[in-house]
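>>> The sequence and its predicted three-dimensional model are supplied below.
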Amino acid sequence: MSRRAAGAIGRRALAILSLACAATLAPVQGHAQGASTDDRTPASECCLVLVLPVGARSIALGRALTSETSPDAVFSNPAGLAGVEGGYLMIHHTDVAAQGNAFSLLVAPEGLGTLGLSYELVDFGEIEQTDERGQMIGAVTLRHHVLVASFAAELGRGIGAGVNYKFYQFRIGCRGTCDGERVTATTHAADFGVRFHPARIPTLKLGAAVTNVGFPLQVINAQQADPLPVRARIGAAYEVLHHIRSVEGIELWWAVDLVDEWHQPGSVKASTGLELAIGQSIFLRSGYVPGEGIGTGAAIGLGIDYDRFTVSIARSFASSPLEAVEEPMQFSFGLKF
């Protein structure tokens, strides 16, 4: 990509899509400015959409899902798919940072573990291109595609393990006439996870995962490739109401996740979430992610399980003004078959 083309895209992206979009465009902008690997810090990362939360439950609980077993564990810890019974279709929609849509199809053949196929599209919208008279002549599109194949299985004694294979593609496209070049960059990554639900302590859940381990995203050449946002996660959840014998049919789970950046070790961040389950049908949720930026701050949510259907909503109270909308809402829908 030429310096002039990339610069034009970058300026409009910053004006319309804010700093969040600029972060995902770091590979394109950095190369356009002639940056080399020597000019960048080791912590420079691309593809930051891979660390955005997916699903209303994840957002409502502050992303503290590393120790959970559920059909929406694809985007947090693949080991959470171990033990999922039957088949599921999960659909997620979010407006955090950009418009994101994802779906997961899960099947659990007897004796073979859980198999899953998921797809996520993160669309940062369009950047209008105008001529010297101010008339629109085209639009630049900024989109991220993530295809995920999952496998998880029970290993016995309450231990489950899982793995994700990810195909990631970043595209700068064009409708009409655009001041710039079309860009397509792809890479591959994997997630690895385990979770432990001890039979002797049913009120405790533990989990760990390493996500986005893979090849740097190469836009121009290997010397200017940007590393993926690798994250190491450990989590625990504890049911705090079991000490009160008079409470039946109600559970309160407190979950905590610790997350560290692989390329900048020692920068551990803790997030936490509470989930009140009433009769395993109604779920009240709240969570908090410390820091500033996309997906941080407090959140609340509601989940309802009825027969074969699951519906969840979440509201994020972001601590950053960089959200795509003033009051971002997230929705998830699940169907068991």
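Received, thanks.

>>> CA only for contacts and neighbour counts going forward, please
Fine.

>>> Quick one: neighbours of residue 131, just the number.
For residue 131, the count of nearby residues is 12 (other CA atoms under 10 Å).

>>> show me the contacts for it.
residue 137 (CA atoms under 8 Å, 6 or more residues apart in numbering).

>>> repeat that for 10 Å
137, 138, 177, 178, 179 (CA atoms under 10 Å, 6 or more residues apart in numbering).

>>> Ok, residue 67 next?
For residue 67, the contacting residues are 73, 76-77, 79-80, 193-197, 204-209, 233-238, 255-257, by CA under 10 Å, 6+ apart.

>>> mind redoing it with 6 Å?
195, 205, 206, 207, 235, 236 (CA atoms under 6 Å, 6 or more residues apart in numbering).

>>> Repeat that for residue 107.
87, 114, 115.

>>> Now it: closest residue in space, sequence neighbours ignored.
Closest residue to residue 107 apart from its sequence neighbours, by CA to CA, 6 or more residues apart in numbering: residue 87 at 4.3 Å.

>>> Could you report the neighbour count for that neighbour?
There are 18 residues near residue 87, going by other CA under 10 Å.

>>> That one and residue 308 touch, don't they?
No: counting by CA atoms under 6 Å, residue 87 stays clear of residue 308, with 10.4 Å between them.

>>> shared neighbours of these two, anything?
With contacts taken as CA under 6 Å, 6+ apart, residue 87 and residue 308 have residue 336 as neighbours in common.

>>> Make JSON lines out of the contacts of residue 131 and add neighbour count and distance to residue 128.
Converted to JSON lines, the contacts of residue 131 look like this (neighbours: other CA atoms under 10 Å; distance: CA to CA, whole Å):
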{"residue": "137", "neighbour count": "14", "distance to residue 128": "8"}
{"residue": "138", "neighbour count": "18", "distance to residue 128": "6"}
{"residue": "177", "neighbour count": "15", "distance to residue 128": "10"}
{"residue": "178", "neighbour count": "22", "distance to residue 128": "9"}
{"residue": "179", "neighbour count": "19", "distance to residue 128": "10"}
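
>>> Of all those, the one with the weakest confidence?
Least confident by pLDDT among these: that is residue 179, with 70.

>>> quick one: what helix or strand has it in it?
Using DSSP states H and E, residue 179 sits in no helix or strand.

>>> Offset the numbering so it begins at 10, please.
Happy to do that; since the first residue is 10 now, the last one works out to residue 188.
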